[in-house]
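K.L.:
just need the structure, nothing else, for what follows:
(2 chains)
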There are 2 protein chains.
Amino acid sequence: MNKIIECVPNFSEGRDLNKVEKILDIFRGKQDLKLLDYSSDEDHNRSVVTIVGEPEALKKAMVEAIGKAIELIDLTKHEGQHPRMGAVDVIPFIPIKNVTVDEADNLAKEVAKEASEKYGLPFFLYEKSATQSHRENLATVRKGQFEGMAEKMKDDKWKPDFGPETIHPTAGVTAIGARMPLVAYNINLSTNNLEIASKIGKQVRHLSGGFRYVKAMGIELEDRGIVQVSMNLTDYTKTSIYRVFETVKMEAARYGVNIVGSEIVGLLPMQALVDTADYYLRLENFSMDQVLETRL
Amino acid sequence: MNKIIECVPNFSEGRDLNKVEKILDIFRGKQDLKLLDYSSDEDHNRSVVTIVGEPEALKKAMVEAIGKAIELIDLTKHEGQHPRMGAVDVIPFIPIKNVTVDEADNLAKEVAKEASEKYGLPFFLYEKSATQSHRENLATVRKGQFEGMAEKMKDDKWKPDFGPETIHPTAGVTAIGARMPLVAYNINLSTNNLEIASKIGKQVRHLSGGFRYVKAMGIELEDRGIVQVSMNLTDYTKTSIYRVFETVKMEAARYGVNIVGSEIVGLLPMQALVDTADYYLRLENFSMDQVLETRL
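P.N.:
Numbers count the residues shown, from 1 in each chain, chains lettered A, B, ... in the order given. The predicted structure follows:
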């Protein structure tokens, strides 16, 4: 695969695994497409699926999967702890390799256009694809959930970007758009004082004056007797891991506190680590093409 | 490909490109094998080929290529600037992915065994595969070249590891073995004083008391008006890039000199950069499996 986009659709079915399997089957055994991961949560009554593939293959499979979800999932009968507004609740497209955010954004719009025409399902564009700033945040878009969405959409502010002007009777409405890969990144401090981790969390997070693409909070690691600045980096290409690390180190020093370690939870793109090595080694003219594995 | 080994055979033909193409064809269009790069040098009268592949596929193709080289290349008629002792002069195997040095070493021995039996060609094991320490260095093994090798091999010190006890009449003898990937790494200093770069080169290189897997020298970058510590890291898993960087920085500080940049020339394995990020970010429990690209 040359161009790779990741897609992480969330389906509002986490209990009837036969139904989930029927959706997963669409992503299996396809050219230029790979089903990387999936998990179903009974309490949430929701399944999160991770697929990677070439844009065209991804588009075809996603449109088919949306149709299957509409056929199998009835939101008028759905209950679960996780907020939801659609049979396919949200479909993020994430640029991974040889792909720009704009190409992921285009793919989101193409899928929304085709699926809305084929199935009469409305779509909101969110995150990097949002047409209006109040639609960037998924929680804001989804507020009111399936049950309140027909009423909400009467407001011009919430007219869908594609498809009919009100909800699909059983499948609701879907949020779709491009976003950057999330990097879950935590920094552990040499203190058990939660207040220090909380203060530093506030200093680095966007919400309270920090870096634009950082969400952060202080938490206790009770078994280790230390505290942690727990973060999500929502665009590592603009707010780099090393910059966040050095800033937390600098703020912690003010309390005589050191960083004892940091951790990356789950996956991250190679580029995020290469950027880090590039900074500390002061590399000149380094290109990802020089990483042997990218040639294979 | 799951397990990946790189192989960089050097063939003693760099002028008759028809012959070179016949050898290259053996590596083309094969399952679990990829011809990554090749270049022929007229002055050296030598071609360097880079192939990556699964061990079994690599073995099969290399044995076949050795046979083809013996058929096409006659060292009694060979002349060129580069020292050589065989039609296939040297065959290094380099572990790249999910492979240990021992597995690369085994592969080298299997190829030597099979090719020696099939073609009556003698082999010296060198580098990490060397059976005696005086055979580790290729230049030492090759000393005397094709013309002097029959005489040299009469000495018990130079009895081949595989094959007949004297040279193949037209194809000479081949060095084969496992080695680690080389990382060509240069550090640029904020001074035009060559003596400082040379001194630091001596401090970090193995030969004069430095790190075991570093070769280094000071050179001038005349157009930029600065000097450089120019290095080869011969085993980045044991002598890490960041350790060399920090040591050069520390030594340079003694002269009031800073590092203005560093450069990686050519390819390097992803692990070398991940190790660097791991050190500076003080990562806890990070695994290469967390790099998204390794999942694709």
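K.L.:
which strands and helices sit next to the helix or strand of chain A with the lowest mean pLDDT?
P.N.:
Across the helices and strands of chain A, mean confidence by mean pLDDT, DSSP states H and E is lowest for strand A:33-41: a mean of 92. Where contact means 3 or more CB pairs under 8 Å, 6 or more residues apart in numbering or on different chains; DSSP states H and E, strand A:33-41 is packed against helix A:17-25, strand A:46-53, helix A:55-72. C-beta coordinates here come from the backbone N, C-alpha and C atoms, glycine included.
K.L.:
please repeat the previous calculation with a cut-off of 6 Å.
P.N.:
Secondary-structure packing of strand A:33-41 (3 or more CB pairs under 6 Å, 6 or more residues apart in numbering or on different chains; DSSP states H and E): strand A:46-53.
K.L.:
next, the buried residues of the strand it packs on.
P.N.:
A:46-53 (16 or more other CB atoms under 10 Å in any protein chain shown).
K.L.:
and of those residues, the nearest to residue B:127?
P.N.:
Nearest to residue B:127, judged by CB to CB, of the buried residues of strand A:46-53 is residue A:52 at 37.9 Å.
K.L.:
how close does that closest one sit to residue B:286?
P.N.:
21 Å (CB to CB, to the nearest Å).
K.L.:
tell me which residues touch residue A:166, please.
P.N.:
The contact partners of residue A:166, taken as CB atoms under 6 Å, 6 or more residues apart in numbering or on different chains, are A:150, A:153.
K.L.:
pretty sure residue A:92 is touching residue A:8, no?
P.N.:
Yes - the pair residue A:92 / residue A:8 is scored as a contact, 5.3 Å apart, by CB atoms under 6 Å.
K.L.:
with neighbour numbers in mind, choose between the two.
P.N.:
Per other CB atoms under 10 Å in any protein chain shown, whichever of residue A:92 and residue A:8 has more neighbours is residue A:92, with 24 against 20.
K.L.:
give me the number of residues near the residue nearest to residue A:204 when sequence neighbours are not counted?
P.N.:
Once flanking residues are discounted, residue A:204 sits nearest to residue A:210: 4.1 Å by CB to CB, 6 or more residues apart in numbering or on different chains. Neighbours of residue A:210 under the rule other CB under 10 Å: 21.
K.L.:
roughly how far does residue A:210 sit from chain B?
P.N.:
To chain B, residue A:210 is 18 Å away according to CB to the nearest CB, to the nearest Å.
K.L.:
if we go by neighbour counts, what in the least confident helix or strand of chain A is buried?
P.N.:
Applying 16+ other CB under 10 Å to strand A:33-41 flags A:33-36, A:38, A:40 as buried.
K.L.:
and it, C-alpha only, in PDB?
P.N.:
C-alpha atoms of strand A:33-41 as PDB (Å, rounded to 0.1, in the frame of the first residue of the first chain):
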ATOM      1  CA  LEU A  33      -7.400  -2.800   3.000                       C
ATOM      2  CA  LYS A  34      -6.600  -4.300   6.400                       C
ATOM      3  CA  LEU A  35      -8.700  -4.700   9.500                       C
ATOM      4  CA  LEU A  36      -6.200  -3.900  12.200                       C
ATOM      5  CA  ASP A  37      -8.300  -4.100  15.400                       C
ATOM      6  CA  TYR A  38     -11.800  -4.100  16.800                       C
ATOM      7  CA  SER A  39     -13.400  -4.200  20.200                       C
ATOM      8  CA  SER A  40     -17.000  -4.300  21.400                       C
ATOM      9  CA  ASP A  41     -18.100  -3.000  24.800                       C
END
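K.L.:
chain A: strands as residue ranges?
P.N.:
Applying DSSP state E to chain A gives strands spanning A:4-7, A:10-11, A:33-41, A:46-53, A:88-97, A:123-125, A:174-178, A:183-189, A:214-221, A:226-233, A:259-265.
K.L.:
okay if I get these as a markdown table plus distance to residue B:232?
P.N.:
Formatted as a markdown table, the strands of chain A follow (distance: least, CB to CB, whole Å):
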| stretch | distance to residue B:232 |
| --- | --- |
| strand A:4-7 | 33 |
| strand A:10-11 | 50 |
| strand A:33-41 | 38 |
| strand A:46-53 | 36 |
| strand A:88-97 | 30 |
| strand A:123-125 | 52 |
| strand A:174-178 | 43 |
| strand A:183-189 | 33 |
| strand A:214-221 | 39 |
| strand A:226-233 | 35 |
| strand A:259-265 | 31 |
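K.L.:
among these, which is the most enclosed?
P.N.:
Mean neighbours per residue, mean count of other CB atoms under 10 Å in any protein chain shown, is largest over the strands of chain A for strand A:174-178, with a mean of 28.
K.L.:
so which of the buried residues of strand A:33-41 is the closest to residue B:142?
P.N.:
Relative to residue B:142, the closest of the buried residues of strand A:33-41 is residue A:34; by CB to CB it sits at 46.2 Å.
K.L.:
show me what that closest one bridges to in the sheet.
P.N.:
Here residue A:34 sits in beta bridges with residue A:52, going by DSSP bridges.
K.L.:
near chain B, which residues of chain A?
P.N.:
A:245, A:261-263, A:267, A:269-270, A:273-274, A:276-277, A:280-284, A:286, A:290-293 (CB under 6 Å from any CB of the partner chain).
K.L.:
from those, which land in helices?
P.N.:
Counting by DSSP state H, the part of the residues of chain A next to chain B found in helices is A:245, A:270, A:273-274, A:276-277, A:280.
K.L.:
most surrounded residue in those?
P.N.:
Most neighbours among these, by other CB under 10 Å: residue A:273, with 28 neighbours.
K.L.:
now it: closest residue in space, sequence neighbours ignored.
P.N.:
Nearest to residue A:273 is residue B:277, by CB to CB, 6+ apart, at 4.2 Å.
K.L.:
surely the one you found meets residue A:277?
P.N.:
Yes - between residue B:277 and residue A:277 there is a contact at 5.1 Å, judged by CB under 6 Å.
K.L.:
list the contacts of residue A:247.
P.N.:
Contacts for residue A:247 (CB under 6 Å, 6+ apart) come out as residue A:204.
K.L.:
go on, residue A:74?
P.N.:
residue A:170.
K.L.:
for chain B, see how far away it is.
P.N.:
From residue A:74 over to chain B the distance is 34 Å, taken as CB to the nearest CB.
K.L.:
on the pLDDT front, check that residue for me.
P.N.:
Here, the pLDDT recorded for residue A:74 equals 97.
K.L.:
give me phi/psi at it?
P.N.:
With angles defined as degrees, to the nearest 10, residue A:74 sits at phi -120, psi 110.
K.L.:
now it: how far from residue A:13?
P.N.:
Residue A:74 sits 10 Å away from residue A:13, going by CB to CB.
K.L.:
which single residue of the stretch 101-250 of chain A ends up nearest chain B?
P.N.:
residue A:245 (5.5 Å; CB to the nearest CB).
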